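A.B. asks: this one's sequence-less:
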């Protein structure tokens, strides 16, 4: 009787095992989207890195630049960032004098966030550069295919949100 595992079946020289794998990571859509997202985020940091801000701070800055006054909870919902990540980003932007907070008198647990004049200036400088980045990135998609690509991204986003909600409902049912 032979003991066989994928590691044991792999050749020492790194060649593929004899059996067809159940899942090939490089063809797995969630992995491909994650790699794409990671690479795009890394490339985009070149736009805003001179300000010493990272991805979470960038998302908060742009959200406030786009929508004006928001709560941290609203920013988290819009950007799909966890509340602790939003809180840390806000604290860093506050320390840099890019964001200001004003207590919500109706609910002292939350604050209204907005850009300071310095934060607004950074946003107004970076927004056109971010649009240029998007144009440069999207040039690889044929102009005739862009509408279909945008629809596909929107559909994948909507379906993923549905799957998240379904999972949360199913998880809630197991807890009761």
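C.D. replies: Received the coordinates, thanks. Values in this document were obtained by computation on a predicted structure and should not be read as measured data.

A.B. asks: all strands of the chain, in order?
C.D. replies: 70-71, 99-103, 111-115 (DSSP state E).

A.B. asks: quick one: strands adjacent to the first one?
C.D. replies: Partner strands for strand 70-71, per DSSP bridges, with pairing direction: strand 111-115 (antiparallel).

A.B. asks: how many neighbours does residue 66 have?
C.D. replies: 11 (other CB atoms under 10 Å). For the C-beta atoms, the positions are set from N, CA and C on the backbone; glycine is no exception.

A.B. asks: ugh, wrong one, residue 104
C.D. replies: Neighbours of residue 104 (other CB under 10 Å): 12.

A.B. asks: residue contacts, it?
C.D. replies: Contacts for residue 104 (CB atoms under 8 Å, 6 or more residues apart in numbering) come out as 71, 110, 111, 112.

A.B. asks: thought residue 75 was touching the second one, still the case?
C.D. replies: It stands for residue 110. No: with contacts defined as CB atoms under 8 Å, residue 110 does not count as touching residue 75, sitting 11.2 Å away.

A.B. asks: returning to what we had before: of the contacts of residue 104, keep whichever come out buried.
C.D. replies: Buried subset of those (neighbour count, 16 or more other CB atoms under 10 Å): 71, 112.

A.B. asks: show me the two of the contacts of residue 104 that sit farthest apart.
C.D. replies: By the measure CB to CB, 110 and 112 form the most distant pair in the contacts of residue 104, at 7.8 Å.

A.B. asks: common neighbours of these two, please.
C.D. replies: Joint contacts of residue 110 and residue 112 (CB under 8 Å, 6+ apart) are 71, 104.

A.B. asks: what is the least confident helix or strand in the chain?
C.D. replies: The helix or strand of the chain with the lowest confidence, counting by mean pLDDT, DSSP states H and E, is helix 6-9 at a mean of 50.

A.B. asks: thought residue 51 was touching residue 122?
C.D. replies: Yes: between residue 51 and residue 122 there is a contact under CB under 8 Å: 5.9 Å.

A.B. asks: pLDDT on the longest helix anywhere in the chain, on average?
C.D. replies: When the chain is parsed with DSSP state H, its longest helix is helix 146-175. Averaging pLDDT along helix 146-175 gives 90.

A.B. asks: now it: how far from the chain's centre is it?
C.D. replies: Distance of helix 146-175 from the chain centroid (CA atoms, centre = their mean, to the nearest Å) equals 15 Å.

A.B. asks: contacts only, for residue 152.
C.D. replies: By CB under 8 Å, 6+ apart, residue 152 has no neighbours at all.

A.B. asks: please name the nearest non-neighbouring residue to residue 68.
C.D. replies: residue 114 (6.4 Å; CB to CB, 6 or more residues apart in numbering).

A.B. asks: which ones are touching that neighbour?
C.D. replies: The contact partners of residue 114, taken as CB under 8 Å, 6+ apart, are 64, 68, 69, 70, 99, 100, 102.
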